[in-house]
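**Q** sequence below, structure please.
(chains A and B)
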Number of protein chains: 2
Amino acid sequence: MNAEIISIGTELLLGHIVNTNTSFLSKKLAEIGIDVFHTSVVGDNTRRLFEAIKQALGRADIVITTGGLGPTVDDITIETISGLIDRRSIKWIRNRVGTAPGLLIDHIDRKIICLPGPPRELIPMFEKDIIPYLKKGSKSAWVIKSRTIKITGLSESAVNKAVKDLLESKPPTTVGIYAKLGEVDLRIMSKAKDEKSAQAAIQKIEKKIRLKLKSHIFGYDGDKLEDAVGKMLAAMKMTIAVAESCTGGLLSDRITNVSGSSYYFRMGLVAYSDAVKENILGVSKVTLKKYGAVSRPVALEMARGIKLLAGADIGVGITGIAGPTGGTKAKPIGLVHIAIVTGPKRIAKECRFRGSREEIKFRASQAALDLIRRNL
Amino acid sequence: MNAEIISIGTELLLGHIVNTNTSFLSKKLAEIGIDVFHTSVVGDNTRRLFEAIKQALGRADIVITTGGLGPTVDDITIETISGLIDRRSIKWIRNRVGTAPGLLIDHIDRKIICLPGPPRELIPMFEKDIIPYLKKGSKSAWVIKSRTIKITGLSESAVNKAVKDLLESKPPTTVGIYAKLGEVDLRIMSKAKDEKSAQAAIQKIEKKIRLKLKSHIFGYDGDKLEDAVGKMLAAMKMTIAVAESCTGGLLSDRITNVSGSSYYFRMGLVAYSDAVKENILGVSKVTLKKYGAVSRPVALEMARGIKLLAGADIGVGITGIAGPTGGTKAKPIGLVHIAIVTGPKRIAKECRFRGSREEIKFRASQAALDLIRRNL
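**A** Predicted coordinates for the structure are as follows:
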């Protein structure tokens, strides 16, 4: 079985809205074994919509439209569909969230499904009503499952090199590589006759990836690095405090995005100025003068200072230059020193990041979380 | 002139990537007066891509493809195009960021433009090479301009009520309303014969909106609330320090996202525990006991404490319950107290927010920035 998705709306053609409905529907259809070979967008224009639906009916078993439903003049789906099929064969689908119902049409050996445009209406309608309906009527011989392995502390090319042979895997089970900010994802995807076989094929490759990338893997699917660190801190009953300069509060923000972080997060300090580093954190004037604020010794003294001040088990210090101004030849934009002080350990790392101010802030917070994770 | 966009990539049909290229290109084309009536996605399949390009050439002056360029086996654009046109008429467009060049083809009275898939390669190529080229060759009779007015501190329905008549404006100049997290946007869009007329029509409506929404407007187009606050602080040569509990560093993070914030941002403190509030900020034990940590008096004492500690002109205190746990009947999840202390002023505001932990954090930071903005 295969489906084609037609999104309706001039606002999509004007670029005011990003078409997230199509990616949501495509993903869900793949999971239940329905191929999508074409998706398209047309404006609020009856003639062009008519042509698009007619063409789709010529090459797909299922035609799904999104948008163009409801009471306003722009909403043209029902009018257009009526020109193609007998209006009496339309079944209504209840809209739990909004006002405009969906439509379900059995048209000879084809199905036409019309969904509302707003994602908060489309998603529950598709999940609760359409998926069970399609599964029941589906003669699909396969399912697609995927698993994402999340890696940090390695560049995309280093990950690529490490798993080169796996990236060349041929269908039905493939591996894709995706570089994100401060993170590289490997996505294993398997097409198989049932869920169990797909999961087994994925696990086989996942095991190989784990053997190659070991501790560089911090999580799976929706996991975030701060979740991984939070789980470790909670399990070890250790507390943490952070002193940030260039990250400006982002590290504290990310740590406290995790529900339950109040059990292990003691305190965060954003020490932008030398005065705050000296007076509140107790960084020595001599160190500041000798090495400058952006230096390994200052990062270490910041970590020690916040650990003492907060009475925490772990102190973290970050100092660097986020840009876009303030860089010098010796200390360029993107230079960041990260330090961790625990009871027995004093660890410091020098990093050089590229990107915008916000990107450098994020990469630095990511590197700090990773340094914590690897040293607990 | 009209254009059609064809995005190439099986990963788009599987829903693994959201198609932001199409919305970017659509918006830019509208701005220079080029209509887009159709956009579509096809997989890495030569036959289907061939059909899609052929169909597009039948109904559009300009056919733009994205993706499917480069050295890997999946990259099928050049092969497919070669089946449609004389390969010698292909011009290469340099890729400033990545390796795969773009293609530019004058095919009888049509143009075919092939762009790389990664947005960070596509965007500069389109802006620097394609837009000037299209503008030169364009016989377009109109342009579209838009202006976004950014509002905070009012709900979507309150904004709706205030500008109801304007939201009913008919083309060529229309107004749309868009609710975002902690913000409501009004977008004025005008289609006119030239840029000057479009801008004049926009300004006329913008003036009416400004009269109705006054100080609720914090910026335009790409402006962020932290930029607006930063500009005011810099202009007034005032310094600020913030003590955060439930926002966990997010307010400091947002303030320091603004380049140049080191001139006015003195210090941030994330005081999650009562101990930090007491020992570092000097919040009195009596106040904490009598009113609880999430209370107006504690927010005020936090603001005063951080102002003193940092030697800043303005102190900000935030205390609340971000959830998903920790709420009670008297102090539910989403309750946040925000306080500002300047020389002469002591202001406190009680807010009740809905949403996830991260949404409540963001809404609280937004309300705090807005409170600062309105009281400078």
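**Q** can you pull the domain assignment for chain A?
**A** According to automatic domain parsing, chain A is divided into the following domains: A:2-137, A:143-220, A:225-374.
**Q** next one: the shortest one to chain centre, how far?
**A** Between the mean C-alpha point of domain A:143-220 and the mean C-alpha point of its chain there is a distance of 15 Å (CA atoms, centre = their mean, to the nearest Å).
**Q** ends of that domain, what's the gap?
**A** One end of domain A:143-220 sits 20 Å from the other (CA to CA, to the nearest Å).
**Q** and if you look at the last one?
**A** Across its full length, domain A:225-374 reaches 12 Å between end residues, using CA to CA.
**Q** and the helix or strand encompassing A:Tyr178, average pLDDT?
**A** With elements taken from DSSP states H and E, the one containing A:Tyr178 is strand A:173-180. Mean pLDDT, taken over the full extent of strand A:173-180, equals 89.
**Q** spell out which parts of the stretch 51-200 of chain A neighbour chain B.
**A** By CB under 8 Å from any CB of the partner chain, the residues of the stretch 51-200 of chain A that approach chain B are A:52, A:144, A:176, A:187, A:189. Where you see a C-beta, it was placed from the backbone N, CA and C, and this is true even at glycine.
**Q** okay, now the closest residue to the second one other than its chain neighbours: neighbour count?
**A** Of all residues not flanking A:Ile144 in the chain, A:Ala30 sits nearest, at 4.3 Å (CB to CB, 6 or more residues apart in numbering or on different chains). Each residue near A:Ala30 was counted by other CB atoms under 10 Å in any protein chain shown, and the total is 23.
**Q** same deal with the one 4 residues further on?
**A** The number of residues packed near A:Ile34 is 24, by other CB under 10 Å.
**Q** now find how far off-centre the helix or strand harbouring A:Met125 is within its chain.
**A** A:Met125 is located in helix A:119-125, with elements delineated by DSSP H and E. Distance of helix A:119-125 from the chain centroid (CA atoms, centre = their mean) equals 20 Å.
**Q** tell me the mean pLDDT over that helix?
**A** Along helix A:119-125, the predicted confidence averages to a pLDDT of 92.
**Q** contacts for it?
**A** Helix A:119-125 has contacts (CB atoms under 8 Å, 6 or more residues apart in numbering or on different chains) with A:20-21, A:24, A:66, A:93, A:95-98, A:100, A:102, A:115-116.
**Q** among these, which two are most distant?
**A** Taking CB to CB as the measure, the contacts of helix A:119-125 reach their widest spread between A:Thr20 and A:Ile93, a distance of 20.4 Å.
**Q** so if I had to pick from those two, which one is more boxed in?
**A** In terms of neighbours (other CB under 10 Å), A:Ile93 is the more surrounded of A:Thr20 and A:Ile93; the figures are 19 against 15.
**Q** now the more buried one, which residues is it bridged with?
**A** Note on A:Ile93: beta-bridge partners by DSSP bridges are A:Gly102.
**Q** and it, how close does it get to chain B?
**A** Counting by CB to the nearest CB, to the nearest Å, the separation of A:Ile93 from chain B is 21 Å.
**Q** OK, contacts around that residue?
**A** Taking CB under 8 Å, 6+ apart, one finds A:101-104, A:125, A:129-130 in contact with A:Ile93.
**Q** likewise A:Ser169?
**A** The contact partners of A:Ser169, by CB under 8 Å, 6+ apart, come to A:175, A:205.
**Q** about what we covered before: my guess is the residue nearest to A:Ile144 is in a strand, correct?
**A** No. Residue assignment for A:Ala30, taken from DSSP: H, G, I helix; E, B strand; the rest coil, gives helix, which places it outside any strand.
**Q** spit out the contact partners of it.
**A** Neighbours of A:Ala30 in contact, by CB under 8 Å, 6+ apart: A:36, A:144, B:14-15.
**Q** which one of those is nearest to A:Asp223?
**A** For A:Asp223, the nearest member of the contacts of A:Ala30 is B:Gly15. The distance, counting by CB to CB, is 19.9 Å.
**Q** farthest-apart pair in the contacts of A:Ile93, please.
**A** Farthest pair in the contacts of A:Ile93 (CB to CB) is A:Pro101 and A:Ile130. Separation: 12.8 Å.
**Q** neighbour count winner among the two?
**A** Between A:Pro101 and A:Ile130, counted using other CB under 10 Å, the more crowded position is A:Ile130 (22 against 17).
**Q** tell me the pLDDT of that one.
**A** Predicted confidence (pLDDT) at A:Ile130: the value is 95.
**Q** and it, how far from B:Val63?
**A** As for A:Ile130, its distance to B:Val63 is 33 Å (criterion: CB to CB, to the nearest Å).
**Q** isn't A:Gly282 right next to A:Leu308, touching?
**A** Yes. With contact defined as CB atoms under 8 Å, A:Gly282 counts as touching A:Leu308 (7.4 Å).
**Q** if we can go back for a sec, need the buried ones from the contacts of helix A:119-125 selected in ChimeraX.
**A** In ChimeraX, selecting the buried portion of those, with burial taken from 16 or more other CB atoms under 10 Å in any protein chain shown, looks like this:
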select /A:21,24,66,93,95,98,100,102,115,116
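**Q** ok, A:Glu359 to chain B distance?
**A** As defined by CB to the nearest CB, A:Glu359 lies at a distance of 11 Å from chain B.
**Q** confidence score at that residue?
**A** Reading off the confidence values, A:Glu359 has pLDDT 93.
**Q** wasn't it part of a strand?
**A** No. Assigned with three-state DSSP, A:Glu359 falls outside any strand and is helix.
**Q** spit out the contact partners of it.
**A** Contacts of A:Glu359 were listed using CB under 8 Å, 6+ apart, and they are A:181, A:353.
**Q** which SS class is the nearest residue to A:Ala271 once chain neighbours are set aside?
**A** With sequence-adjacent residues excluded and distances taken as CB to CB, 6+ apart, A:Ala271 is closest to A:Lys277, at 4.8 Å. In terms of secondary structure, A:Lys277 is helix; the call rests on three-state DSSP.
**Q** and A:Lys277, what does it touch?
**A** Applying CB under 8 Å, 6+ apart to A:Lys277 gives the contacts A:243, A:245, A:271, A:283, A:288, A:293, A:298, A:301-302, A:305.
**Q** so where does A:Gly268 fall, helix or strand?
**A** Under the assignment given by DSSP H and E, the secondary-structure element containing A:Gly268 is strand A:265-270.
**Q** neighbouring contacts of that strand?
**A** With CB under 8 Å, 6+ apart as the contact definition, strand A:265-270 has outside contacts at A:239-245, A:248-249, A:251-252, A:255-256, A:276, A:280-281, A:306, A:309-312, B:248-249, B:252, B:256, B:265, B:267-273, B:276, B:280.
**Q** buried subset of these?
**A** Neighbour counting with 16+ other CB under 10 Å marks A:239-245, A:248-249, A:251-252, A:255-256, A:276, A:280-281, A:306, A:309-310, A:312, B:248-249, B:252, B:256, B:265, B:267-273, B:276, B:280 as buried within those.
**Q** next step: those residues restricted to strands.
**A** Within the buried ones among the contacts of strand A:265-270, residues falling in strands by DSSP state E are A:240-244, B:265, B:267-270.
**Q** tell me the SS of the spatially most central residue of chain A?
**A** Nearest to the geometric centre of chain A sits A:Gly222, at 6.8 Å (CA atoms, centre = their mean). At A:Gly222 the chain is in coil, as set by three-state DSSP.
**Q** good, wrapping up.
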